[in-house]
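Engineer: Turn this into a structure:
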Amino acid sequence: MNERLNRPLLGGMALLLSLGSEDIRAATLDLPGHQVHDRQINWAVTVEQLEYQNVEDSSALNWNANAWIGGDIDRLWLRSEGEREQGRTHKAELQALWGHAFSPWWEVVGGVRQDFKPGSGQAWAAFGIQGTPLYGMELEATLYAGERQQTALRVEASYAILLTQRWRLEPRLETNSYGRDDPGRGQGSGLADSEVGLRLRYEITPGFAHYVGVSFNRVYGETAAMARDEGEDIGKTRWVAGIRLRF
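Structural biologist: Numbers count the residues shown, from 1 in each chain. Here you go, the predicted structure:
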(Lines give C-alpha, C1' and ligand atoms only; values in the text may rest on other atoms or scores of the structure.)
Protein backbone atom coordinates (compact mmCIF):
# COMPACT_ATOMS: atom_id res chain seq x y z
CA MET A 1 0.00 0.00 0.00
CA ASN A 2 2.86 2.36 0.77
CA GLU A 3 4.25 1.77 -2.70
CA ARG A 4 0.95 2.79 -4.30
CA LEU A 5 0.82 5.98 -2.18
CA ASN A 6 4.40 6.92 -3.07
CA ARG A 7 3.91 6.59 -6.81
CA PRO A 8 2.10 9.99 -7.28
CA LEU A 9 4.66 11.72 -5.09
CA LEU A 10 7.60 10.25 -7.01
CA GLY A 11 5.90 11.15 -10.28
CA GLY A 12 5.44 14.76 -9.21
CA MET A 13 9.08 15.07 -8.18
CA ALA A 14 10.20 13.67 -11.52
CA LEU A 15 8.01 16.22 -13.35
CA LEU A 16 9.46 19.09 -11.29
CA LEU A 17 13.03 17.96 -12.03
CA SER A 18 12.24 17.81 -15.74
CA LEU A 19 11.13 21.46 -15.84
CA GLY A 20 13.62 23.97 -17.15
CA SER A 21 14.48 27.29 -15.53
CA GLU A 22 12.26 29.17 -18.01
CA ASP A 23 9.27 27.02 -17.06
CA ILE A 24 9.85 27.62 -13.33
CA ARG A 25 10.11 31.42 -13.79
CA ALA A 26 6.88 31.45 -15.83
CA ALA A 27 5.07 29.50 -13.11
CA THR A 28 6.22 31.82 -10.34
CA LEU A 29 5.61 35.26 -11.86
CA ASP A 30 5.02 38.06 -9.33
CA LEU A 31 1.38 39.14 -9.37
CA PRO A 32 0.28 42.72 -8.61
CA GLY A 33 -0.67 43.24 -4.97
CA HIS A 34 -4.20 43.86 -3.74
CA GLN A 35 -5.22 47.45 -4.37
CA VAL A 36 -6.04 49.42 -1.23
CA HIS A 37 -9.66 50.65 -1.33
CA ASP A 38 -8.68 54.01 0.19
CA ARG A 39 -6.80 54.98 -2.97
CA GLN A 40 -10.07 55.25 -4.86
CA ILE A 41 -11.77 58.66 -4.61
CA ASN A 42 -15.52 58.55 -3.97
CA TRP A 43 -18.08 61.18 -3.05
CA ALA A 44 -21.65 61.58 -1.83
CA VAL A 45 -24.12 64.41 -1.23
CA THR A 46 -27.04 63.98 1.19
CA VAL A 47 -29.76 66.53 1.88
CA GLU A 48 -31.07 65.12 5.13
CA GLN A 49 -33.77 67.77 5.51
CA LEU A 50 -35.25 70.26 3.09
CA GLU A 51 -38.55 71.02 4.70
CA TYR A 52 -41.44 73.40 5.22
CA GLN A 53 -42.27 74.00 8.87
CA ASN A 54 -45.56 75.33 10.19
CA VAL A 55 -44.71 77.52 13.19
CA GLU A 56 -47.86 78.72 14.97
CA ASP A 57 -49.10 81.60 12.76
CA SER A 58 -46.07 81.65 10.43
CA SER A 59 -43.92 79.29 8.37
CA ALA A 60 -40.24 78.49 8.02
CA LEU A 61 -37.86 76.77 5.61
CA ASN A 62 -35.29 74.47 7.20
CA TRP A 63 -32.32 72.68 5.65
CA ASN A 64 -29.67 70.25 6.84
CA ALA A 65 -27.20 68.82 4.32
CA ASN A 66 -23.75 67.24 4.13
CA ALA A 67 -21.30 66.08 1.49
CA TRP A 68 -18.00 64.21 1.48
CA ILE A 69 -15.22 63.34 -0.95
CA GLY A 70 -12.27 61.02 -0.35
CA GLY A 71 -11.44 57.40 0.38
CA ASP A 72 -12.23 54.84 3.05
CA ILE A 73 -9.88 56.35 5.64
CA ASP A 74 -9.57 60.11 4.96
CA ARG A 75 -12.35 62.36 3.69
CA LEU A 76 -13.25 66.01 3.35
CA TRP A 77 -16.68 66.74 4.85
CA LEU A 78 -18.94 69.73 4.22
CA ARG A 79 -21.94 70.38 6.48
CA SER A 80 -24.56 73.07 6.22
CA GLU A 81 -27.75 73.85 8.09
CA GLY A 82 -30.00 76.83 8.51
CA GLU A 83 -33.48 78.28 8.78
CA ARG A 84 -35.49 81.02 7.12
CA GLU A 85 -38.67 82.36 8.69
CA GLN A 86 -40.97 84.99 7.20
CA GLY A 87 -38.47 85.70 4.45
CA ARG A 88 -35.54 86.26 6.85
CA THR A 89 -32.57 84.00 7.52
CA HIS A 90 -32.37 83.37 11.26
CA LYS A 91 -29.66 80.72 11.20
CA ALA A 92 -27.12 79.69 8.54
CA GLU A 93 -23.77 77.95 8.86
CA LEU A 94 -21.19 76.05 6.81
CA GLN A 95 -18.54 73.64 8.10
CA ALA A 96 -15.47 72.22 6.35
CA LEU A 97 -14.00 69.24 8.23
CA TRP A 98 -11.31 66.65 7.58
CA GLY A 99 -12.35 63.20 8.74
CA HIS A 100 -10.07 60.27 9.60
CA ALA A 101 -11.57 56.83 10.27
CA PHE A 102 -10.07 54.90 13.18
CA SER A 103 -12.51 51.97 13.00
CA PRO A 104 -15.10 50.69 10.49
CA TRP A 105 -17.82 52.69 12.28
CA TRP A 106 -16.12 55.78 13.74
CA GLU A 107 -14.05 58.73 12.57
CA VAL A 108 -12.63 61.87 14.12
CA VAL A 109 -13.20 65.20 12.38
CA GLY A 110 -11.52 68.58 12.64
CA GLY A 111 -11.77 71.85 10.76
CA VAL A 112 -13.65 75.14 10.73
CA ARG A 113 -17.22 76.37 11.01
CA GLN A 114 -18.53 79.71 9.79
CA ASP A 115 -21.82 81.09 11.14
CA PHE A 116 -23.48 83.65 8.88
CA LYS A 117 -26.49 84.09 11.15
CA PRO A 118 -27.53 84.92 13.88
CA GLY A 119 -25.88 88.27 14.42
CA SER A 120 -23.01 89.41 12.26
CA GLY A 121 -21.51 85.93 11.95
CA GLN A 122 -18.78 84.08 13.79
CA ALA A 123 -15.89 81.72 12.96
CA TRP A 124 -15.13 78.58 14.97
CA ALA A 125 -12.48 75.88 15.13
CA ALA A 126 -14.12 72.45 15.26
CA PHE A 127 -13.14 69.03 16.56
CA GLY A 128 -15.38 66.04 17.06
CA ILE A 129 -16.37 62.46 16.44
CA GLN A 130 -19.04 60.88 14.26
CA GLY A 131 -20.14 57.36 13.54
CA THR A 132 -22.77 54.64 13.54
CA PRO A 133 -22.78 52.81 16.92
CA LEU A 134 -25.86 50.80 15.87
CA TYR A 135 -27.34 49.80 12.53
CA GLY A 136 -29.55 52.67 11.36
CA MET A 137 -28.24 55.06 14.03
CA GLU A 138 -26.00 58.06 13.32
CA LEU A 139 -24.24 60.10 16.00
CA GLU A 140 -22.24 63.35 15.82
CA ALA A 141 -20.62 65.19 18.74
CA THR A 142 -18.60 68.31 17.88
CA LEU A 143 -16.78 70.78 20.13
CA TYR A 144 -16.26 74.34 18.86
CA ALA A 145 -13.92 77.12 19.96
CA GLY A 146 -14.93 80.54 18.64
CA GLU A 147 -14.11 84.21 18.88
CA ARG A 148 -13.97 86.04 22.22
CA GLN A 149 -13.18 82.77 24.03
CA GLN A 150 -16.61 81.34 23.28
CA THR A 151 -17.00 77.55 23.25
CA ALA A 152 -19.86 75.36 22.14
CA LEU A 153 -20.86 71.71 22.02
CA ARG A 154 -23.34 70.21 19.58
CA VAL A 155 -24.68 66.67 19.80
CA GLU A 156 -26.85 65.19 17.05
CA ALA A 157 -28.36 61.71 16.97
CA SER A 158 -30.83 60.05 14.62
CA TYR A 159 -32.11 56.51 14.20
CA ALA A 160 -33.79 55.24 11.03
CA ILE A 161 -36.30 52.53 12.00
CA LEU A 162 -37.11 50.28 9.04
CA LEU A 163 -40.86 49.67 8.98
CA THR A 164 -41.01 48.19 5.46
CA GLN A 165 -38.68 48.27 2.45
CA ARG A 166 -39.83 51.83 1.70
CA TRP A 167 -41.27 53.25 4.94
CA ARG A 168 -38.90 54.55 7.64
CA LEU A 169 -39.59 56.25 10.95
CA GLU A 170 -36.75 58.49 12.13
CA PRO A 171 -36.49 60.01 15.62
CA ARG A 172 -33.91 62.80 15.78
CA LEU A 173 -32.30 64.82 18.58
CA GLU A 174 -30.03 67.89 18.48
CA THR A 175 -28.72 69.90 21.44
CA ASN A 176 -26.49 72.99 21.60
CA SER A 177 -24.56 74.16 24.67
CA TYR A 178 -22.32 77.22 25.15
CA GLY A 179 -19.50 78.06 27.52
CA ARG A 180 -20.50 81.68 28.14
CA ASP A 181 -23.31 84.17 27.52
CA ASP A 182 -23.51 85.93 24.16
CA PRO A 183 -26.48 88.35 24.34
CA GLY A 184 -25.80 89.67 20.83
CA ARG A 185 -26.70 86.27 19.41
CA GLY A 186 -29.28 85.33 22.02
CA GLN A 187 -27.14 82.50 23.39
CA GLY A 188 -26.78 81.78 27.11
CA SER A 189 -24.23 79.63 28.90
CA GLY A 190 -24.96 75.97 29.55
CA LEU A 191 -27.57 73.96 27.66
CA ALA A 192 -29.09 76.53 25.28
CA ASP A 193 -31.56 74.72 23.03
CA SER A 194 -32.78 71.35 21.86
CA GLU A 195 -34.79 69.95 18.99
CA VAL A 196 -36.58 66.61 19.23
CA GLY A 197 -38.19 65.45 16.00
CA LEU A 198 -40.06 62.48 14.60
CA ARG A 199 -40.32 62.08 10.83
CA LEU A 200 -42.04 59.39 8.78
CA ARG A 201 -40.64 59.08 5.26
CA TYR A 202 -41.41 57.08 2.15
CA GLU A 203 -38.47 56.26 -0.11
CA ILE A 204 -39.63 56.43 -3.73
CA THR A 205 -36.09 55.57 -4.83
CA PRO A 206 -32.89 55.07 -2.76
CA GLY A 207 -31.96 58.68 -3.60
CA PHE A 208 -35.35 60.40 -3.15
CA ALA A 209 -37.85 60.33 -0.31
CA HIS A 210 -40.60 62.58 1.02
CA TYR A 211 -41.71 62.78 4.64
CA VAL A 212 -43.97 64.38 7.21
CA GLY A 213 -43.39 64.80 10.90
CA VAL A 214 -43.34 66.93 14.02
CA SER A 215 -40.54 68.82 15.77
CA PHE A 216 -40.40 70.11 19.34
CA ASN A 217 -38.03 73.04 19.86
CA ARG A 218 -37.14 74.46 23.26
CA VAL A 219 -34.61 76.86 24.79
CA TYR A 220 -33.23 76.66 28.34
CA GLY A 221 -31.53 78.60 31.10
CA GLU A 222 -30.04 81.96 30.20
CA THR A 223 -31.07 81.50 26.57
CA ALA A 224 -34.70 81.12 27.69
CA ALA A 225 -34.38 84.28 29.84
CA MET A 226 -33.13 86.23 26.81
CA ALA A 227 -36.00 84.87 24.72
CA ARG A 228 -38.57 85.98 27.31
CA ASP A 229 -37.06 89.47 27.37
CA GLU A 230 -37.58 89.64 23.61
CA GLY A 231 -41.18 88.44 23.95
CA GLU A 232 -40.45 85.09 22.32
CA ASP A 233 -41.75 81.67 23.28
CA ILE A 234 -39.32 79.27 24.91
CA GLY A 235 -41.00 76.24 23.37
CA LYS A 236 -42.49 75.64 19.92
CA THR A 237 -44.17 72.72 18.20
CA ARG A 238 -43.64 72.57 14.46
CA TRP A 239 -45.37 70.38 11.89
CA VAL A 240 -43.02 69.61 9.04
CA ALA A 241 -43.15 68.27 5.48
CA GLY A 242 -40.15 67.87 3.26
CA ILE A 243 -37.89 65.79 1.02
CA ARG A 244 -34.63 63.88 1.51
CA LEU A 245 -32.15 63.61 -1.36
CA ARG A 246 -29.02 61.52 -1.83
CA PHE A 247 -26.61 61.67 -4.76
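Engineer: Give the closest residue to residue 239 in space, chain neighbours not counted.
Structural biologist: Among residues not flanking residue 239 along the chain, residue 54 sits closest, at 4.5 Å (C-beta to C-beta, 6 or more residues apart in numbering). Any C-beta I mention is one placed from the backbone N, CA and C, and that applies to glycine too.
Engineer: can you pull out the helices in this protein?
Structural biologist: 2-18, 21-27, 221-229 (DSSP state H).
Engineer: tell me, which of those helices is the model least confident about?
Structural biologist: When the helices of the chain are ranked by mean pLDDT, helix 2-18 comes last with a mean of 46.
Engineer: how near is residue 176 to residue 46?
Structural biologist: 21 Å (C-beta to C-beta, to the nearest Å).
Engineer: These two: which is more packed in?
Structural biologist: Set side by side, residue 176 and residue 46 show more neighbours around residue 176, with 19 against 14, by other C-beta atoms under 10 Å.
Engineer: Hmm, residue 153 and that one touching each other?
Structural biologist: Yes: using C-beta atoms under 8 Å, residue 176 is in contact with residue 153, at 7.4 Å.
Engineer: Wait, residue 62 touches residue 51, no?
Structural biologist: Yes: the criterion here is C-beta under 8 Å, and residue 62 meets it with residue 51 at 5.2 Å.
Engineer: For the two, list the residues in contact with both.
Structural biologist: Shared contacts of residue 62 and residue 51 (C-beta atoms under 8 Å, 6 or more residues apart in numbering): 240, 242.
Engineer: Pick out whichever of these two has more residues nearby.
Structural biologist: Remark: of residue 62 and residue 51, residue 51 carries more neighbours, 24 against 20, as counted by other C-beta under 10 Å.
Engineer: Just the strands from the chain, written as ranges.
Structural biologist: 42-55, 58-70, 74-85, 88-101, 106-117, 122-131, 137-146, 151-159, 161-162, 167-178, 190-205, 208-219, 235-246 (DSSP state E).
Engineer: To residue 227, which of those lies closest?
Structural biologist: In terms of C-beta to C-beta, the element of the strands of the chain nearest to residue 227 is strand 208-219, at 5.4 Å.
Engineer: who does that closest one pair up with?
Structural biologist: Paired strands of strand 208-219, with direction, are strand 190-205 (antiparallel), strand 235-246 (antiparallel) (DSSP bridges).
Engineer: Can you say which of the ones you listed is nearest to residue 85?
Structural biologist: strand 235-246 (10.5 Å).
Engineer: Can you get me a residue count around residue 149?
Structural biologist: Residue 149 has 8 neighbours, counted by other C-beta under 10 Å.
Engineer: contacting residues around residue 183?
Structural biologist: residue 226.
Engineer: Report the separation between it and residue 118.
Structural biologist: In terms of C-beta to C-beta, residue 183 sits 11 Å off from residue 118.
Engineer: pLDDT weak spots in this structure?
Structural biologist: Residue ranges of the chain with pLDDT under 70: 1-38.
Engineer: let's see 80
Structural biologist: 1-39, 56-57 (pLDDT under 80).
Engineer: still on that earlier bit, the strands of the chain into TSV, with extra columns for distance to residue 228?
Structural biologist: Putting these into TSV (distance: least, C-beta to C-beta, whole Å) gives the following:
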stretch	distance to residue 228
strand 42-55	18
strand 58-70	19
strand 74-85	19
strand 88-101	18
strand 106-117	21
strand 122-131	24
strand 137-146	25
strand 151-159	22
strand 161-162	36
strand 167-178	18
strand 190-205	14
strand 208-219	9
strand 235-246	11
